[in-house]
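Visitor: need a structure here:
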Amino acid sequence: MKAILSALFACMVFFATPATASITVADYMALRAEAKAGNKGAEARWRYYIIGLMDGIQAVQAPAAAAGAKLHFCMSDSLPMSPKFLDAFIEEAIARLSAKGVLKDRIEQPMAVLVALELRNAFPCQ
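Guide: You can find the predicted model right below:
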């Protein structure tokens, strides 16, 4: 019984603690710069983030597609979602927003929000 109560308490503490997995655009840019500079720890964290971002995108899109609901964005099947694709897409989006002078307004925005909005803009559904 004591073990059950301990496990229940641990679950309550775990689920009551707010998640901090969301990083800002500034955090992402700093992490990506460190990874490109050869920092192996930063590269591992960046890859982990990209894979998590991909999983999140697919977790939102797949149920909507299966249910026949409206999708958030509609990528061609010839463009598979992969870490390489997502990295290039993000880098292009950041460069485009910077060139437009609006990146500074979004620098503290959660990275996942920026990616979601950019995917919707780049691949609108008909």
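
Visitor: switch to C-alpha atoms for all contacts and neighbour counts from now on
Guide: Will do.

Visitor: Distance of Q61 relative to R120?
Guide: Using C-alpha to C-alpha, to the nearest Å, we find Q61 at a distance of 12 Å from R120.

Visitor: Common neighbours of the two, please.
Guide: By C-alpha atoms under 8 Å, 6 or more residues apart in numbering, Q61 and R120 have these common neighbours: H72.

Visitor: where do the helices sit along the chain?
Guide: Secondary structure of the chain, counting by DSSP state H: helices at 2-16, 25-36, 40-67, 83-100, 103-106, 111-122.

Visitor: tell me the mean pLDDT for the fourth one?
Guide: For helix 83-100, the mean pLDDT works out to 94.

Visitor: mind listing what the most centrally placed residue in the chain touches?
Guide: Closest residue to the average C-alpha location of the chain: L53 at 3.2 Å, with C-alpha atoms, centre = their mean. Applying C-alpha under 8 Å, 6+ apart, we find L53 in contact with A112.

Visitor: ok, now M81?
Guide: M54.

Visitor: Can you tell me how far it is from A30?
Guide: To A30, M81 is 23 Å away according to C-alpha to C-alpha.

Visitor: Burial check on F73, number of neighbours?
Guide: Neighbourhood size, F73 [other C-alpha atoms under 10 Å]: 19.

Visitor: actually R32, not the one I wrote
Guide: R32 has 19 neighbours, counted by other C-alpha under 10 Å.

Visitor: how near is it to A116?
Guide: From R32 to A116 the distance is 18 Å (C-alpha to C-alpha).

Visitor: buried set for stretch 48-63?
Guide: Buried positions in stretch 48-63, judged by neighbour count with 16 or more other C-alpha atoms under 10 Å: Y49, I50, L53, M54, I57, Q61.

Visitor: Hmm, which of these is lowest in pLDDT?
Guide: Lowest pLDDT within the buried residues of stretch 48-63 is found at Q61 (78).
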